[in-house]
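A.B. asks: coordinates only, sequence not included:
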């Protein structure tokens, strides 16, 4: 089987691009927008419409394979690639990538994905934007699977020597700013991990951390109100975007004392804290995350910390895993470029005893979410993100249902 033709089109994502730098400087929320000036290069406003590029590969037998190029909500932050706009990158695809893909034989996903991931733009001498590599390699996986009449997860399992999960991978949902109503949706649906919380500035955390403590207490009580017989005990996962470090001046001892309060407020539920600090560089981030993990384990706290900022590439993830910098790494799928890197990142973390959170962003599409579900089924991360969007219902449905299809189809024979 080979690729007969390649078609591309501009598309939308399930959320927005947001300028995290401006939000951190307290850009004012005004309905669905933010008032204020952007500070991150490439942004025309603090919030912009999420854009994608839709890729369609026509195979020689008439089948169509799909992949969507998308980038993270907080593009350009913490060492990430710049804002991904369709008008900027469609010409690159049409000029260089489409001719390369036409006629390619679909004998190996891994081989062709690695070629795309290392593809150099002749005009710049640089690799393609990570969002392009993400979408193109997703389409290649779909194409190989269709050519071999297999599921995408079966292709991954065969080429990387893994086995497909026999049980659902835990799903993590995120609330966005609607922390209470969306949490109710999560609790009603009994999702495995919740609520994210979007603690992206100190006003949400509290200048002394008290607002997050109050929210945790509310969550625990709300879970018991909706499910009074303790049949449901989710993991509580909060992304705090470095704000805990901000209020405690990145003092490890003070952060650990605050963690003790979080654990007490959440008990008996387990707490996971994503990005408790943002040290401004990968080296310092690894150093402080390693120290935090050691102190947490010394005290026997029921808290796990998750690396996200400054952990953007396969090489970054390997560095965090090798240094045991934190308990879990978020594998933010669009940031890694080719999905071959995502697959290798999950497997590497598991090999090193580091928890792998197969994440991504609310700013993806239904196609990329389904592809990631197949990656999860074949690599077995600790948890995976419900995506796209911040409405809970839609993203959770897409990922949950795709996982159920995989389990049913792979266990039916």
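C.D. replies: Sure, I can see it. Owing to the predicted nature of the structure, the values given are computational and were not obtained by experimental measurement.
A.B. asks: What are the buried residues along stretch 19-31?
C.D. replies: 19-24, 27 (16 or more other Cβ atoms under 10 Å). Every C-beta, even on glycine, is put in place using the N, C-alpha and C of the backbone.
A.B. asks: Pull up the gap between the nearest residue to residue 179 once chain neighbours are set aside and residue 257, please.
C.D. replies: Sequence neighbours aside, residue 197 is the residue nearest to residue 179 in space, at 5.8 Å (criterion: Cβ to Cβ, 6 or more residues apart in numbering). Residue 197 sits 21 Å away from residue 257, going by Cβ to Cβ, to the nearest Å.
A.B. asks: If you count surrounding residues, which of those two has more?
C.D. replies: Neighbour totals were compared for residue 197 and residue 257, and residue 197 leads with 25 against 12 (other Cβ atoms under 10 Å).
A.B. asks: Surely that one is in contact with residue 243?
C.D. replies: No. Applying Cβ atoms under 8 Å as the test, residue 197 and residue 243 come out as separate, 10.9 Å apart.
A.B. asks: coming back round to it: among the buried residues of stretch 19-31, show me the least confident.
C.D. replies: pLDDT across the buried residues of stretch 19-31 is lowest for residue 24, at 77.
A.B. asks: Can you name the residues that contact that residue?
C.D. replies: Residues near residue 24 by Cβ atoms under 8 Å, 6 or more residues apart in numbering: 200-201, 241.
A.B. asks: okay, now residue 254: neighbour count?
C.D. replies: Residues lying near residue 254 (other Cβ under 10 Å) number 15.
A.B. asks: measure the residue nearest to the spatial centre of the chain to residue 257 for me?
C.D. replies: The C-alpha lying nearest the average C-alpha coordinate of the chain belongs to residue 360 (Cα atoms, centre = their mean; 1.7 Å). Relative to residue 257, residue 360 is positioned 33 Å away (Cβ to Cβ).
A.B. asks: so residue 316 sits in a strand?
C.D. replies: No. Going by DSSP: H, G, I helix; E, B strand; the rest coil, the assignment for residue 316 is helix, not a strand.
A.B. asks: What score does it have for pLDDT?
C.D. replies: 96.
A.B. asks: if I read this right, it contacts residue 285, doesn't it?
C.D. replies: No. Look at residue 316 against residue 285 with Cβ under 8 Å: they stay out of range, at 9.3 Å.
A.B. asks: ok, these two, which is more surrounded?
C.D. replies: More neighbours surround residue 285 than the other of residue 316 and residue 285, with 27 against 20 (other Cβ under 10 Å).
A.B. asks: in the stretch 1-150 of the chain, which spans are strands?
C.D. replies: With DSSP state E, counting those that start in this stretch as the criterion, the stretch 1-150 of the chain has strands at 3-18, 28-30, 33-35, 47-59, 64-69, 120-121, 126-127.
A.B. asks: Pick the most deeply packed of the ones you listed.
C.D. replies: Of all the strands of the stretch 1-150 of the chain, strand 64-69 carries the top mean neighbour count, a mean of 23, counting by mean count of other Cβ atoms under 10 Å.
A.B. asks: Report the angle between it and strand 47-59.
C.D. replies: Here the directions of strand 64-69 and strand 47-59 differ by 150 degrees (axes from the mean of the first three to the mean of the last three Cα atoms, to 10 degrees).
A.B. asks: Pull the residues that contact strand 64-69.
C.D. replies: Contacts with strand 64-69, where a contact means Cβ under 8 Å, 6+ apart, come from 11, 52-59, 84, 89, 131-132, 134-143, 145-146, 364-365, 367-368, 371.
A.B. asks: Okay then, goodbye and thanks.
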